[in-house]
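[1] output the structure for:
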Amino acid sequence: MKAAILISALALGVVPAMAEDVTVGMILPMTGPSASTGKQEKAGAELYIAQHGDKVAGKTIKLLVKDDTGAADVTKRLAQEAIANDHAAALMGFGLTPLAFAVAPIATEAKVPEIVTAAATAVITEKSPFIVRTSFTLPQASAPMAQWAAKNGIKKVVTIVTDYGPGLDAEKWFGETFKHEGGEIIEAIRTPLKNPDFAPFLQRVKDDKPDAVFVFVPSGFGAMVMKQFIEQGLAKAGVKLIGTGDVTDDDQLNGMGEAALGVVTAHHYSASHDSPENKAFVTAFEKANGFRPNFMGVAAYDGMALLYHALEATKGATDGAGLIEAMKGAKWMSPRGPVEIDPDTRDIVQNMYVRKVEKKDGQLYNMEFETIPMVKDPFKATKK
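    Just a heads-up that it's a prediction; the model follows:
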């Protein structure tokens, strides 16, 4: 109750909009099964500040990283504390969809921007007018993957997705697009979010004898899928593994071993993306952290870029409505390629790339071989 009263007070303008510091409450799973997301996002945000300085429009950026352990009730409490106690002018992060959902009403009531740099369920930006996203949506990646599969000799597919928002989006948009292109979904399998064991589900895939299995799992779970895919003998049975880029996450890819070679995915970022911006980004990221960036790292890097852009546009004013308005329509060149914020949906518009795992300089990378330019979230496009 006390936190709710404090948030209501903040919404009425108790905290001065022109304070000298701009505190960014970055709420991430730094421990637990999604800790790789927190590690990558923290590193991406810190790199942007290191490269561009902590001063923008006369204000000093203060990044306050909080560990929610992947639990929505903790995320909600930390968001309340960041606003009420730390006077955060913006919130950022949110490693899973339930965590982003938990903060949406807080962002709305306090009129504080919620910059989603991880969670990827399509409807997230509809939960509050103060949410803007720099990660991606599952429909953005799943529909292009289905189109590629249908055009490249894959006729029958089993889908395996984690049973929560992004997984349901992936299942729907891959399945409907694949069937529209003439393919057949033999079976649609959903696995639990907590403590998943993919072996029994992969055995069902083997029994179904499809041409391919399409997989979506949260960032950090791909290595387990790959290990059990091989152990269940699906590769030897001639079943192809395809999916969104989460399954061949750059953060874990080298550890998956050569079994990952040839896996085809669709996604918006690879550490091997061939551009001057990305080469500079990867070099700086690896030097600062000792590991390569993944799609979570670049999303947080771009989250900070968007906040800096907005502060420059408002000349340092930090009222939430003004910041959100300044973020709408923002365009810049990201390490992933050209990006912009759709002014109508507050979602990111970006290239999608079809990639294949290959060996390069002794390491495994998602090597891009096809580009679908400036993809809007198809879920929202169909609603217009």
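
[2] for the rest of this, base every contact and every neighbour count on C-alpha atoms.
    Noted.

[3] and residue 377, how far from residue 366?
    22 Å (Cα to Cα, to the nearest Å).

[4] ok, the two, which is more surrounded?
    Neighbours were counted for residue 377 and for residue 366 using other Cα atoms under 10 Å; residue 366 has more, 31 against 22.

[5] list the contacts of residue 59.
    For residue 59, the contacting residues are 19, 20, 21, 22, 316, by Cα atoms under 8 Å, 6 or more residues apart in numbering.

[6] among those residues, name the buried ones.
    21, 22, 316 (16 or more other Cα atoms under 10 Å).

[7] ok but the second one is inside a strand, no?
    Yes: assignment of residue 22 by DSSP: H, G, I helix; E, B strand; the rest coil places it within a strand.

[8] next one, pLDDT for the spatially closest residue to it that is not a sequence neighbour please.
    By the measure of Cα to Cα, 6 or more residues apart in numbering, the closest residue to residue 22 outside its immediate chain neighbours is residue 61, 4.9 Å from it. Listed pLDDT for residue 61 reads 98.

[9] after the helix or strand encompassing residue 61, which helix or strand is next?
    If you go by DSSP states H and E, residue 61 is part of strand 59-67. Counting by DSSP H and E, the element after strand 59-67 in chain order, helix or strand, is helix 72-84.

[10] for that following helix, name the packing helices and strands.
    Helix 72-84 is packed against helix 2-11, strand 21-28, helix 97-110, with contacts defined by 3 or more Cα pairs under 8 Å, 6 or more residues apart in numbering; DSSP states H and E.

[11] give me that answer again for 7 Å
    Under the contact criterion of 3 or more Cα pairs under 7 Å, 6 or more residues apart in numbering; DSSP states H and E, helix 72-84 touches helix 2-11, helix 97-110.

[12] what's near enough to touch the most centrally placed residue in the chain?
    The residue lying closest to the centre of the chain (Cα atoms, centre = their mean) is residue 118, at 3.3 Å. Listed by Cα atoms under 7 Å, 6 or more residues apart in numbering, the contact set of residue 118 reads 93, 94, 95, 96, 135, 296, 299.

[13] out of those residues, which are buried?
    93, 94, 95, 96, 135, 296, 299.

[14] what about the nearest residue to residue 237 once chain neighbours are set aside, how many residues nearby?
    With Cα to Cα, 6+ apart as the criterion, residue 237 has its nearest non-adjacent residue at 7.5 Å, and that residue is residue 206. When neighbours are counted by other Cα under 10 Å, residue 206 registers 21.
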